[in-house]
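Enquirer: any chance you could fold what I've pasted below:
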Amino acid sequence: MAEQETVLGETSQGAEDQQQEVVELSETESYSKEQVEQIVRSALDKEIAGLKSNNSSLKEEKKKAQAKAKDFTELVDSLGGEEGIKGLVDLKGKIDQDEELRLFTSGDREKYNTRILNRAKADHEAQLKILNDEKSNWEILATEATDRYRGKEITNSINDGCADSGVNPRLYKAMSSQIKDQVFFDSETESVMVREGEGIRYGKDGAPMKVTELIDTMREDQPELFLQSTGGSALGASVTRRNTGFTNDDIRNMSVEEYKKLREENRIS
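Expert: Numbering: from 1, shown residues only. Sure thing, here's the model as predicted:
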């Protein structure tokens, strides 16, 4: 009887141990301790494997990132560092703002060439206009200088003619006012000539008349313009010009304006 109780006791204890090894996960499912440990171990292994894989991927990405960073650093250095990059940024800004650079960099060569040609044409026309303006200015200056030279030559010729013909120095202007329209500068011979109509007036010797000869032709009609000779045929200073009421001295002492006015009024001849 005692042995039977012992056997029953051991059987009861084994049943309790088996009951303790069973793990109930839900009302309908139950796993043993070994099964639970296996499930947990498998899950841990997968997680660890995933972490190792991720760690390996991270290391690879890190290597790639470091390589890219190295390449970028080398590129920056080759471009001149920060200053070089800043210059490139400025250049890009200029390209974006400059239509010609934008066309060139974008590859639109036809529009670029057309724009360059139009600009070159406009520059050429502007330079040509400047040159033409300068040429016109120089031509004006040359014409003015030529006119001054010719006018001076005419004045000198008249003064020289007056001196050679014995015109009273005080009446040079009076003589000049009478003959200046008959005298001109001939560009072909570069000399002062006497005009007759549209051509040249010739003297007694058949050669082009000189200013001195022209002045001499006025001696008979206007002797008062000339210095009086001191010879036997000289007219006295007190001799009164016929039908004028003025002596030769009166006429010689007149101003150019007074003499011209009297001649216009036909009071002297």
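
Enquirer: let me see the ranges of the strands in this structure.
Expert: Assigned strands in the chain, in chain order: 22-24, 30-32, 183-186, 191-196, 199-200 (criterion: DSSP state E).

Enquirer: Ile39 and Ala49, how far apart?
Expert: 16 Å (CB to CB, to the nearest Å). To be clear about C-beta, it is placed using only N, CA and C from the backbone, and glycine gets the same treatment.

Enquirer: next: Asn266.
Expert: According to CB to CB, Asn266 stands 142 Å off from Ala49.

Enquirer: what's the answer for Gly84, then?
Expert: 48 Å.

Enquirer: out of those two, which sits in the busier spot?
Expert: A count of neighbours by other CB atoms under 10 Å puts Gly84 above the other of Gly84 and Ala49, at 13 against 10.

Enquirer: re the thing from before, select, out of the strands of the chain, the one closest to Leu214.
Expert: Closest approach to Leu214 among the strands of the chain (CB to CB): strand 191-196, 5.0 Å.

Enquirer: who does that closest one pair up with?
Expert: Strand pairing for strand 191-196, using DSSP bridges, gives strand 183-186 (antiparallel), strand 199-200 (antiparallel).

Enquirer: adding mean pLDDT, mean neighbour count and distance to Ile215, write these out as JSON lines.
Expert: Listed next are these as JSON lines, based on pLDDT from 0 to 100; neighbours: other CB atoms under 10 Å; distance: least, CB to CB, whole Å:
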{"stretch": "strand 183-186", "mean pLDDT": "92", "mean neighbour count": "16", "distance to Ile215": "10"}
{"stretch": "strand 199-200", "mean pLDDT": "90", "mean neighbour count": "12", "distance to Ile215": "17"}
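
Enquirer: a markdown table please, covering those and showing distance to Leu141.
Expert: Below are the strands paired with strand 191-196 laid out as a markdown table (distance: least, CB to CB, whole Å):
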| stretch | distance to Leu141 |
| --- | --- |
| strand 183-186 | 18 |
| strand 199-200 | 30 |
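
Enquirer: nearest to Glu220, of those?
Expert: strand 183-186 (19.9 Å).

Enquirer: quick one: the helix ranked longest in the chain to strand 191-196, angle?
Expert: Across the chain, the longest stretch assigned as helix under DSSP state H is helix 109-165. Helix 109-165 runs at 80 degrees relative to strand 191-196, counting by axes from the mean of the first three to the mean of the last three CA atoms, to 10 degrees.
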